[in-house]
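here is a sequence together with a model predicted from it:
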Amino acid sequence: MKSLLYQGVPGVADQSQSLRATSNGGHPERSLAISPPNGVEGPAFDSLVPSPSISRSLQFIAAGDELHEECGVVAIHNHPHAAREAYLGLYALQHRGQESAGIATADGLHLANIKGMGLVSEIFTEDVLAKLPGTMSIGHTRYSTTGDSALLNAQPIRVESTKGLIAIAHNGNLVNLGSLRARLEREGAYFQTTSDSEIIVQLIAHSSAATLVDAIADSLSQVEGAFSIVMMTRDRIFAARDPRGFRPLSMARMKNPEGADTIVFASESCAFDLLRAEFIRDILPGELVMVSEDGVTSRQYASGAPQASCIFEHVYFARPDSRIFGRWVQESRDQMGRQLARESGVPADVVVPVPDSGVTAALGYAEQAGIPFRFGLIRNHYVGRTFIEPEQRVRDFGVRLKLNPVHNLLAGKRVVLIDDSIIRGTTSRKIVRMVRGAGATEVHLRISCPPTISPCFYGVDTPRKQDLIAANHSVEEIRRFIEADSLAYLSLDGLLASVRDEKNIGYCTACYTGNYPTQWVDVEEILPAAVGS
């Protein structure tokens, strides 16, 4: 059975659960609640519906050596079918999170929100989308980085404050979450979720700024870490990025010859392609954009911080057909493969990618090295990406379930395997064994990024440092563990050269260097505390 959370949906029975934030000594006039105020239709309502797909259950059979996506956000302003457009945008961003999804819409008077656990297509059927009227929408697809997996932590989060009804969707992680939460609790705030998105909502509610836009700017200037955010009131859309620009967020336009254009925001430009929207530009680091019936306005709420965009967006997270931080991901990954061939080429008969994320780098490697490229491993796309990590015995089965070797392409061949990363090493060892078991005479593993030696605090769900194999072992030790004939990583200089262009954007490489752009904090401040029974 699948649970959906309905908030402010016309015609749906009321069953509310409130989240409160108070300031000024706990005075009730400063309260904020997830449930709408009196006179606004339909607060929170839980409805159980059957899950339409068994594929979700298979995602709990984990490969164990993949980094977890963060989240994807989308926003639509001025479209007669805003919910459907948000659905399509989220569908294009599904690779960024498969745990939960939600869409909120507004029509100038009301703000409705529906969210649930599962894939976008499983949650938003025709009947569900019909319950979301309005010309504005925001959407979110999630893999949990901070906060547990409960439906309550799914986004968008819908809140009511003295500054109006707000829905918010957030991609990233706040690194000063612990100190902000403690301060807000001292001021009388009550937290109902473990999502750091609620921190931003509480800051807005507690801001002394006179207007909502000023309160948003004031709140964003207080948080530290990575965030790309879309917010919606009954009549406006807001979009913002953190001052260092860790996470991507772009703006596009759908031209309307009969009136004002539709403005679209999304984590990746591939969402614009599905919507037939024209890319305009990236939201700048530290920029807050507002879209209303009067048009698009922008303000710089923070400046001066050096840009530190996540380089792993180019390595792994983003789709190769997306434009991220002003650069096409496909071009970056092709250059990574070419540079990898220059740095650590090896005599071989065939280049084989570990699908899907290793494909583009493998194409670049093969072309640079002059070695034939072959799909020697076939991925079962009906399983989905696998995250939750059970015991090792089950995890090994998950690898076999996802990948299968093409024996006639591998037998008797010297194989160069191209993958994007090694995290714990368990999956890499299983794949090397699989290729060797299919008859390969040599297996040489090449990784299109440097060794991952440090956890990420900015929205990537990496393991603790003691669980990262490269943080605790030499390359030769890792090679022996994964049972490859040779192992080589792309150098940090080679990676930076692969993503460099005339804009000379600064990138965060903390996962490879341990040098963090923000003040270091203990991971316990970010990860959720254990939930008691």
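Looks like it arrived, so ask away.

most distant residue from the centre of the chain?
Ranking residues of the chain by C-alpha distance from their mean position (Cα atoms, centre = their mean) puts residue 412 at the top, at 40.3 Å.

look at residue 31 and report its pLDDT.
What the model reports as pLDDT for residue 31 is 31.

and for residue 101?
According to the model, residue 101 carries a pLDDT of 95.

the one 10 residues further on now?
Looking at residue 111, its pLDDT reads 96.

distance check, the closest residue in space to it that isn't next to it in sequence against residue 493.
Leaving aside its chain neighbours, residue 111 sits nearest to residue 165 (4.9 Å; criterion: Cβ to Cβ, 6 or more residues apart in numbering). Quick note: C-beta positions are derived from backbone N, CA and C, even for glycine. Residue 165 is 50 Å from residue 493, where distance means Cβ to Cβ, to the nearest Å.

the two - which one has more neighbours?
Neighbour tally, residue 165 and residue 493, criterion other Cβ atoms under 10 Å: the higher count belongs to residue 165, 20 against 11.

you'd agree that one is in a strand?
Yes. Residue state for residue 165 (DSSP: H, G, I helix; E, B strand; the rest coil) corresponds to a strand.

start at 32 instead
OK, 32 is where the count begins now, so the last one is residue 196.

just confirm it contacts residue 189, I think it does.
Yes. Taking contacts as Cβ atoms under 8 Å, residue 196 lies within contact range of residue 189: 7.3 Å.

count the residues that sit near the closest residue in space to residue 473 that isn't next to it in sequence.
For residue 473, the nearest residue in space outside its immediate sequence neighbours is residue 445; the separation is 4.2 Å by Cβ to Cβ, 6+ apart. Taking other Cβ under 10 Å as the neighbour definition, residue 445 ends up with a count of 16.

mind checking how far residue 445 is from residue 284?
Counting by Cβ to Cβ - residue 445 and residue 284 are separated by 50 Å.

what of residue 144?
With distances taken as Cβ to Cβ, residue 144 is found 25 Å from residue 284.

wait, residue 467 sits on residue 514?
Yes. Judged on Cβ under 8 Å, residue 467 makes contact with residue 514 at a distance of 7.5 Å.

counting neighbours, go ahead and name the busier of these two.
residue 467 (18 against 14).

now for residue 535: which residues touch it?
Residues touching residue 535, when contacts are defined by Cβ atoms under 8 Å, 6 or more residues apart in numbering, are absent altogether.

please identify the helix or strand for it.
If you go by DSSP states H and E, residue 535 is not part of any helix or strand.

worst-scoring helix or strand of the chain, pLDDT-wise?
Every helix and strand in the chain was compared by mean pLDDT, DSSP states H and E; the lowest is strand 76-80, with a mean of 29.

spit out the residues that contact residue 467 and residue 514 alike.
Common neighbours of residue 467 and residue 514, using Cβ under 8 Å, 6+ apart, are residue 474.

which strands and helices sit next to the helix ranked longest in the chain?
Selection of the longest helix in the chain by residue count, based on DSSP state H, yields helix 360-375. On a contact count with 3 or more Cβ pairs under 8 Å, 6 or more residues apart in numbering; DSSP states H and E, helix 360-375 meets helix 390-400, strand 473-478, strand 517-520, helix 523-530.

make TSV from the ones you listed and add distance to residue 153 and mean pLDDT to it.
TSV is the format used below for the helices and strands packed on helix 360-375 (distance: least, Cβ to Cβ, whole Å; pLDDT from 0 to 100):
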stretch	distance to residue 153	mean pLDDT
helix 390-400	27	98
strand 473-478	34	98
strand 517-520	37	98
helix 523-530	35	97
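
adding distance to residue 215, write those out as JSON lines.
Output for the helices and strands packed on helix 360-375, formatted as JSON lines (distance: least, Cβ to Cβ, whole Å):
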{"stretch": "helix 390-400", "distance to residue 215": "44"}
{"stretch": "strand 473-478", "distance to residue 215": "42"}
{"stretch": "strand 517-520", "distance to residue 215": "42"}
{"stretch": "helix 523-530", "distance to residue 215": "38"}
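
out of these, which is the most enclosed?
Scoring these by mean neighbour count under mean count of other Cβ atoms under 10 Å gives strand 473-478 as the most buried, with a mean of 25.

what lines up beside it in the sheet?
The pairing partners recorded for strand 473-478 under DSSP bridges are strand 445-450 (parallel), strand 517-520 (parallel).

among these, which comes closest to residue 484?
strand 517-520 (10.8 Å; Cβ to Cβ).
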